[in-house]
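A.B. asks: no FASTA, just this:
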């Protein structure tokens with residue numbers, strides 16, 4: 001599964017490789033509720049199944065996240081996108097890009113894939129409407145040439161959703 005926003009691949013640093021392997025072991029022992037790691041032979045790209053939380057707009061819906069780890073993870077955030085079709089949500093673009101500050105400006109090396117997943121599920125669960133961001137068409141059109149969401153200058157202004 002290669003998304004159109006695949007960053008150029010560079011080999012993982014030793015620190016990144018060790019950290020990702022540790023997170024994978026932790027995930028296998030204690031996976032976050034509502035998520036399932038789809039096993040592949042690629043440590044640098046994880047595919048994660050997301051199940052909508054019961055009692056939310058996304059109950060009984062399943063989506064896939066693609067997590068691409070950069071060379072210098074965890075000092076640099078992973079690229080996280082929904083594999084289309086992405087859920088209808090005011091902060092999720094139809095190309096799968098997610099407007100969530102912890103994936104960009106508010107990233108911390110203390111965060112993990114599990115904590116990212118929990119934040120995304122929380123974002124989905126708190127939504128009161130199923131709709132695309134107002135600028136979806138313009139944004140997606142500007143990303144057509146494989147632009148990564150990490151190249152976007154996000155404006156985080158809505159803390160209601």
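C.D. replies: Arrived safely. Being a predicted model, the structure only gives us computed values, none of them experimental. Residues are numbered from 1 along each chain as shown.
A.B. asks: what about the helices in this structure?
C.D. replies: Listed in chain order, the helices of the chain (DSSP state H) span 14-29, 113-125, 136-142.
A.B. asks: Tell me which of these lies nearest to residue 59.
C.D. replies: Across the helices of the chain, residue 59 has its closest neighbour in helix 113-125 (9.6 Å, CB to CB). For glycine as for every other residue, the C-beta is placed from the backbone atoms N, C-alpha and C.
A.B. asks: which helices and strands does that closest one pack with?
C.D. replies: Secondary-structure packing of helix 113-125 (3 or more CB pairs under 8 Å, 6 or more residues apart in numbering; DSSP states H and E): helix 14-29, strand 35-38, strand 45-51, strand 62-68.
A.B. asks: Could you export the ones you listed to a markdown table, including columns for mean neighbour count?
C.D. replies: What follows is the helices and strands packed on helix 113-125, written out as a markdown table (neighbours: other CB atoms under 10 Å):
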| stretch | mean neighbour count |
| --- | --- |
| helix 14-29 | 14 |
| strand 35-38 | 16 |
| strand 45-51 | 18 |
| strand 62-68 | 19 |
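A.B. asks: Looking at these, which is nearest to residue 79?
C.D. replies: strand 62-68 (4.4 Å).
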